[in-house]
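Pasting the sequence and the predicted coordinates here, then a few questions.
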Amino acid sequence: MEKSSTLLVYYDKGTPAVAKEIKEALEGNDVEAKVDAMKKALKLLLNGETIPQLFITIIRYVLPSEDHTIQKLLLLYLELIEKTDSRGKVLPEMILICQNLRNNLQHPNEYIRGVTLRFLCRLKETEIVEPLTPSVLQNLEHRHPFVRRNDILAIMSIYKLPNGDQLFVDAPEMIEKALSTEQDPSAKRNAFLMLFTCAEERAVNYLLSNVDKVSDWNESLQMVVLELIRSVCKTKPTEKGKYIKIIISLLSATSSAVIYECAGTLVSLSSAPTAIRAAANTYCQLLLSQSDNNVKLILLDRLSELKSLHRDIMVELIIDVLRALSSPNLDIRKKTLDIALDLITHHNINEVVQMLKKEVVKTQSGELEKNGEYRQMLIQAIHACAVKFPEVASTVVHLLMDFLGDSNVASALDVISFVREIIETNPKLRVSIITRLLDTFYQIRAGKVCPCALWIIGEYCLSLSEVESGISTITQCLGELPFYSVSEESEPTEASNKIQPTSSAMVSSRKPVILADGTYATQSAASETTFSSPTVVQGSLASGNLRALLLTGDFFLGAVVACTLTKLVLRLEEVQSSKTEVNKTVSQALLIMVSVLQLGQSPASPHPIDNDSYERIVLCIKLLCHKNDEMKKIWLESCRQSFVKMISEKQLREMAELKAMAQTTNAQPDDLIDFFHLKSRKGMSQLELEDQVQDDLKRATGEFTKDENDANKLNRILQLTGFSDPVYAEAYVTVHHYDIALQVTVINRTKETLQNLCLELATMGDLKLVERPQNYSLAPGTNMQIKANIKVSSTETGVIFGNIVYETSNVMERNVVVLNDIHIDIMDYISPAVCTEVAFRTMWAEFEWENKVAVNTTIQNEREFLDHIIKSTNMKCLTPPSAIEGECGFLSANLYAKSVFGEDALVNVSIEKQTDGALSGYIRIRSKTQGIALSLGDKITLKQKGSS
């Protein structure tokens, strides 16, 4: 069986050394050859070789050596070899080394003494240690600190051995005496650690008698002090007030590690506002002073935890948190913005927005490669601010509109989405936004941004001047008509060759896209939408952005242009008194639409127009030729009403989520009232008083008693063996994100003592056992708790299996009881999460692993089936309720969840009710990794039948 090792040596795999060669080198007189031979012997021992034949050779030829390197290697060798027999008795030959160790402890050289004392720290055999105790005690007063610091650790290790307190009866008293006179920082730290470990009361007394000097102590000693304070406050919570003062004084220490530990200790011990504020300030200072990105991320995690527990205090520090945006790392910036957005209030919104605006401006001047992504994050943050506090929209919307022509398409898309929402929720800004949009429309070069901008122009150009400007802008961006000359149609090859050099990055394609309801549709689009120069097409100058996009085959944009022109023409009829002007505009719009259709059906186009876009443009032509009031109402009013409804539902959803998060436990009507000013102060400081009040509040609201429900505990108990087996075993499984803790209860149901009982476990999947099993003896009818820890490295359904092996006195053979498998549920690792519709579609397109599960259920109601899948998979439905309400015979919804490892899980549910009432369809799961897609698919297949 493998055993734990206290030694780690780099071993370059090669030809293993032969024991005979090592023995010959050790018997020689060459010191370097002996050193090399000892190193080879150590490597063999670390690889599991026993080489017992070397022991006597080493005792004879290596033990007498005076070379320091050989003596150190000898101690490492003695540390590695087996010192007991199979029954646990010390081997008789070990007595040979005791005299050598005693000589080393009295050696005139302090290095030999120090390394020997360090070796004693790892000895677990009392029989070997006992004769050495007088020499160990003598070294406590040695002149050299290297010896004293190792001697204190050796005394602590021996004192902790079974019956070690009998070997050193007065050890704590001696160490306390040494501590009072010790000047070496490391020795002082070791002495205090020994008192903390073996005699806590003495450590506490020493600390309290030297409170004024704590801030001047060495960093390592201060860390042990903090560890002691945490330990004492757990056992004696009523006394934590005096210790909190010590922690507050240590916040001014020079060591960053001490300050960080102080802040963490403060948060864990106290809920007093003063203490929390001090801890939060400390984290913010470290966030700015530390250069390591990993440290910054850890500090942001701590601040995020404080935000969830003490939001009111964190609100005061929002600007300090935002200073972390100066880091160039995107992960740090994202985490910083996420924390800050949850701390925005009416009081600080203006400061926050001002800071974000400055950061946006910085992204224009800098030449960093990830400026586009950072700008996108800032735009999304400003969008969130403006939605929560509409009054700030006017200060940012015009600045952001400068980025509509951004080369980063995602950033430009976020801007136009922001503008679309703000123009609806802030009517006062409508005129200025429309004017600015029309002025900057020609700068938009992204095929995904233009349709949204055109929709805004079509819906919100209301006055005569705005409508005329909108039509004029679109006409200019389309350029001269027709899009190609009929006379040149016969030379498409030559023409296309002329086009190619100027637009080499433009590759058009027809690809499926996901609509808002989760269904698929075909869209023609250009995969590259940025143009550096005007495109010359068959002799005509295409200076307009819309023209350039249309010529690459983006006919979906052509359909949007047709719809926008139709709305503008219909609105022009209402505001323009001159029929002549209206008719002129109608004929111009019809010419544009016909030209788009002609381009789509010509060989000059990269590919033919798709049916959806064709039918949409034809519908617009028919509407302009045969107008009626009902259609007019649908085009000019219903579209906007749908958008208004979508915005209001989104706001209601966000408010409901905020209310759910803000819900706290309220006091009962018959609870006693705690009057703060009438409390007995008993000479307490303000901090102690605050802490006591906070504890009272926690006790009143039940925060101290929030233990796991007993019913949930029972659900996590798994039976591993049968009731008729000689050994009964059951496991209580606890999942802590990256760890699985198994607490296995083993009961001996026989009338014999079970010897060498061992719980052997193995895993399948991304699970790994942390420690090797140990052997136990179990008396008849008794039980034992065996703990096992397992590390988890990814979100994948894992299996733990194994058996219990034991021996009895009657039968020499080992008996085996096979255990039931333990299946680790994927649901323990994923939790519901929220993402934007754009982010969902982007991830859906990027993720390569898809698992398609056919619907096979007894449930006959579409909504009921969707709710059942959401409950079974622990996911969040991103599709708004309004989109899936009603009875129409089919349903499509998008679900999203995130794992503790940061993996995204995307699910699309598309179901249809058949004529016989049964549901059919598919559930598609997509993820970046194979494990989560397969595991989630298996879970859905298992659970989709019904409530069982």
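Perfect, I can see it now. Numbering: from 1, shown residues only.

Going by C-alpha atoms from here, please, whenever you check contacts or count neighbours.
Noted.

Need the per-residue pLDDT for the nearest residue to residue 632 once chain neighbours are set aside.
Excluding the flanking residues, the one nearest residue 632 by CA to CA, 6 or more residues apart in numbering is residue 570, at 7.0 Å. Turning to residue 570, the model gives it a pLDDT of 90.

Tell me the helix or strand right after the helix or strand hosting residue 570.
Applying DSSP states H and E as the criterion places residue 570 in helix 555-575. Scanning forward in sequence from helix 555-575 by DSSP H and E, the next helix or strand is helix 579-600.

okay, the angle between that next one and helix 555-575?
170 degrees (axes from the mean of the first three to the mean of the last three CA atoms, to 10 degrees).

going on from helix 579-600, what's the next piece of helix or strand?
Next along the chain after helix 579-600, taking DSSP H and E as the criterion, comes helix 611-625.

Can I get that following helix in CSV, CA atoms only?
Output of helix 611-625 as CSV, limited to C-alpha atoms (Å, rounded to 0.1, in the frame of the first residue of the first chain):
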residue,chain,number,x,y,z
ASN,A,611,-37.4,33.8,-50.1
ASP,A,612,-38.1,35.6,-46.8
SER,A,613,-36.5,38.8,-47.9
TYR,A,614,-38.1,38.6,-51.3
GLU,A,615,-41.6,38.2,-49.9
ARG,A,616,-41.1,41.0,-47.4
ILE,A,617,-40.0,43.5,-50.1
VAL,A,618,-42.9,42.4,-52.3
LEU,A,619,-45.3,43.0,-49.4
CYS,A,620,-44.0,46.5,-49.0
ILE,A,621,-44.5,47.2,-52.7
LYS,A,622,-48.1,46.0,-52.6
LEU,A,623,-48.8,48.1,-49.5
LEU,A,624,-47.5,51.3,-51.1
CYS,A,625,-49.5,50.6,-54.2
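
which outside residues touch the next helix or strand after it?
Proceeding C-terminally, helix 611-625 gives way to helix 629-633 as the next helix or strand, assigned by DSSP H and E. For helix 629-633, contacts defined as CA atoms under 8 Å, 6 or more residues apart in numbering pick out 570, 623.

separation between the residue nearest to residue 423 when sequence neighbours are not counted and residue 466?
Closest residue to residue 423 apart from its sequence neighbours, by CA to CA, 6+ apart: residue 430 at 5.3 Å. Distance, residue 430 to residue 466, using CA to CA, to the nearest Å: 11 Å.

who does the helix or strand harbouring residue 942 touch, helix- and strand-wise?
Using DSSP H and E, residue 942 falls within helix 930-943. Applying 3 or more CA pairs under 8 Å, 6 or more residues apart in numbering; DSSP states H and E, we find helix 930-943 packed against strand 849-854, helix 862-873, strand 919-927.

And it, what's buried?
For helix 930-943, burial by neighbour count (16 or more other CA atoms under 10 Å) applies to 931, 932, 933, 934, 935, 936, 937, 939, 940, 941, 943.

go on, stretch 881-900?
Here stretch 881-900 shows 884, 890, 891, 892, 893, 894, 895, 896, 897, 898, 899 as buried, counting by 16+ other CA under 10 Å.

and the residues you listed as CSV, adding secondary structure and pLDDT?
Listed next are these as CSV, based on DSSP: H, G, I helix; E, B strand; the rest coil; pLDDT from 0 to 100:
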residue, secondary structure, pLDDT
884, helix, 79
890, strand, 85
891, strand, 89
892, strand, 91
893, strand, 92
894, strand, 93
895, strand, 93
896, strand, 92
897, strand, 91
898, strand, 88
899, strand, 83
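
From those, pick the one nearest residue 749.
residue 899 (41.7 Å; CA to CA).

so the closest one touches residue 831, yeah?
Yes - using CA atoms under 8 Å, residue 899 is in contact with residue 831, at 6.3 Å.

So what's the model's average confidence on stretch 337-344?
What stretch 337-344 shows for mean pLDDT is 90.

Sorry, wrong one. I was asking about stretch 19-39.
Across stretch 19-39, the per-residue pLDDT values average to 84.

Compute the first-to-last residue distance for it.
12 Å.

Stretch 117-135 too?
Span of stretch 117-135 from end to end, CA to CA: 10 Å.

Same question for stretch 364-374.
11 Å.

Residue 791 belongs to a helix?
No - counting by DSSP: H, G, I helix; E, B strand; the rest coil, one finds residue 791 to be strand, located in no helix.

That one - how many residues pack around it?
16 (other CA atoms under 10 Å).

could you measure it against residue 801, distance?
15 Å.

How about residues contacting the strand or helix carrying residue 150?
Element membership for residue 150, per DSSP H and E: helix 145-159. Contacts of helix 145-159 from elsewhere in the structure, counted by CA under 8 Å, 6+ apart, are 110-111, 113-115, 117-118, 120-122, 129, 136-137, 139-142, 164-165, 167-168, 171, 175, 184, 186-188, 190-191, 194, 198.

follow-up on the earlier one: settle this for me: the residue nearest to residue 423 is touching residue 459, isn't it.
No - counting by CA under 8 Å, residue 430 does not reach residue 459; the two are 10.9 Å apart.

Could you grab the helix/strand/coil label for residue 860?
coil.

isn't it right up against residue 918?
Yes - contact criterion CA under 8 Å: residue 860 and residue 918 qualify, at 5.5 Å.

This structure - how does it break down into domains?
343-438, 460-482+543-649, 714-823, 826-942 (the TED database).

Can you give me the distance of residue 159 to residue 167?
7 Å.

Please apply the same query to residue 748.
Relative to residue 167, and taking CA to CA, residue 748 is found at 36 Å.

sorry, back to before: between the buried residues of stretch 881-900, which is closest to residue 836?
Looking at those and their distance to residue 836, the nearest is residue 896, at 10.3 Å (CA to CA).

coming back round to it: what's the most distant pair in the buried residues of stretch 881-900?
It's 890 and 899 that sit farthest apart of the buried residues of stretch 881-900, by CA to CA, at 29.8 Å.

how about the CA coordinates for the helix or strand hosting residue 436, as PDB?
For residue 436, the host element (DSSP H and E) is helix 430-440. The C-alpha coordinates for helix 430-440 follow below in PDB (Å, rounded to 0.1, in the frame of the first residue of the first chain):
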ATOM      1  CA  ARG A 430     -36.200  61.600 -28.900                       C
ATOM      2  CA  VAL A 431     -35.600  64.600 -31.100                       C
ATOM      3  CA  SER A 432     -31.900  65.000 -30.300                       C
ATOM      4  CA  ILE A 433     -31.200  61.200 -30.600                       C
ATOM      5  CA  ILE A 434     -33.000  61.000 -34.000                       C
ATOM      6  CA  THR A 435     -31.100  64.100 -35.300                       C
ATOM      7  CA  ARG A 436     -27.800  62.700 -34.100                       C
ATOM      8  CA  LEU A 437     -28.600  59.200 -35.600                       C
ATOM      9  CA  LEU A 438     -29.400  60.700 -39.000                       C
ATOM     10  CA  ASP A 439     -26.200  62.700 -38.900                       C
ATOM     11  CA  THR A 440     -24.000  59.700 -38.000                       C
END
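
tell me what it is packed against?
Secondary elements touching helix 430-440 (3+ CA pairs under 8 Å, 6+ apart): helix 393-400, helix 409-425, helix 449-460, helix 464-478.

Between helix 579-600 and the last one, find me the angle.
Pointing back at helix 464-478 there. Going by the same axes, to 10 degrees, helix 464-478 makes 30 degrees with helix 579-600.

List the buried residues in helix 464-478.
464, 466, 467, 468, 469, 470, 471, 473, 474, 475, 477, 478.

got the angle between it and helix 430-440?
If you take the same axes, to 10 degrees, helix 464-478 sits at 20 degrees to helix 430-440.

just use 37 as the starting number from now, easier for me
Sure, I'll start counting at 37 from here, so that last one is helix 500-514.

got the angle between helix 500-514 and helix 485-496?
Going by the same axes, to 10 degrees, helix 500-514 makes 160 degrees with helix 485-496.

wait, what's in contact with residue 583?
So residue 583 contacts 513, 514, 515, 519 (CA under 8 Å, 6+ apart).

could I get the residues you listed as CSV with pLDDT and distance to residue 915?
Listed next are the contacts of residue 583 as CSV, based on pLDDT from 0 to 100; distance: CA to CA, whole Å:
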residue, pLDDT, distance to residue 915
513, 89, 36
514, 88, 36
515, 85, 40
519, 77, 40
